[in-house]
Structures are given as C-alpha cells and as structure tokens.
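> Sequence first, predicted coordinates after that:
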Amino acid sequence: MSYFARHVFLCTNQRAEGESCCNALGASEALDHAKGRIKSMGLAGPGKVRFQKAGCLERCGEGPVLVVYPEAVWYTYVDKTDIDEIIDEHLVNGRVVERLKLSDHA
C-alpha cells in the first residue's frame, strides 16, 4: 500500500508577467482551500489524502491544473466549488468528475 491513498499535485507555478500560468489563475488560493477542506473532513494524512503544490506540470494552456495519483487523472478547475467537487466526488467517492477531467493526450 502507498503511504497516501491518493496524492494530489496542484500546479502553483508562477511565470513572468503576461505568460500563462496556473498561479495567475488562483492556484495558490485553491491549494490553501483544498488543504484546509481535507483536513477539516479528516481526510489528510498517512493512508489518506495529500494535497501538495507542484511546479509547472507542463499543461499551462489548460490551467489551472491538478493531477490525482495513483489514478493519474488530470483536472482543470475554475474556483473553489470545482475543487470541492473533485474532493467530494473523486477523493471521497472514487468517481471521476468528467466535466473537469482533462484529456490524457496532448
């Protein structure tokens, strides 16, 4: 068994002014929200869920982005409501949120 049941990497990369990047689209705030929410739900920690900031995940044009492992499901999101839906549906209930899922292919 893996140390975490699910490991979520959320891109918080910041690029130069004017360049497309996840952090310019609210990624740091989304990460803070996600970490607080899973902690308040009792989902954080070993054997459970870990949200972690990541540098560039190389999908800037589709951002902001996050990826859930071990399933390797890539998501985009707009706001905290989308983050909550990913937590509730994918991380709690094991159902992929199709409307937010990114293609597996470039």
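Thanks, I have the structure now. Numbering: from 1, shown residues only.
> Can you tell me the SS state at Leu66?
strand (DSSP: H, G, I helix; E, B strand; the rest coil).
> mind checking pLDDT for it?
With respect to pLDDT, Leu66 scores 97.
> Distance check, it against Ala72.
As judged by Cβ to Cβ, to the nearest Å, Leu66 and Ala72 stand 12 Å apart. Any C-beta I mention is one placed from the backbone N, CA and C, and that applies to glycine too.
> So between these two, which is more surrounded?
Just comparing Leu66 and Ala72: by other Cβ atoms under 10 Å the higher neighbour count belongs to Leu66, 31 against 8.
> and the closest residue to that one other than its chain neighbours, how many neighbours?
Nearest non-adjacent residue to Leu66, counting by Cβ to Cβ, 6 or more residues apart in numbering: Leu10, 4.1 Å away. The local packing of Leu10 (other Cβ under 10 Å) involves 24 other residues.
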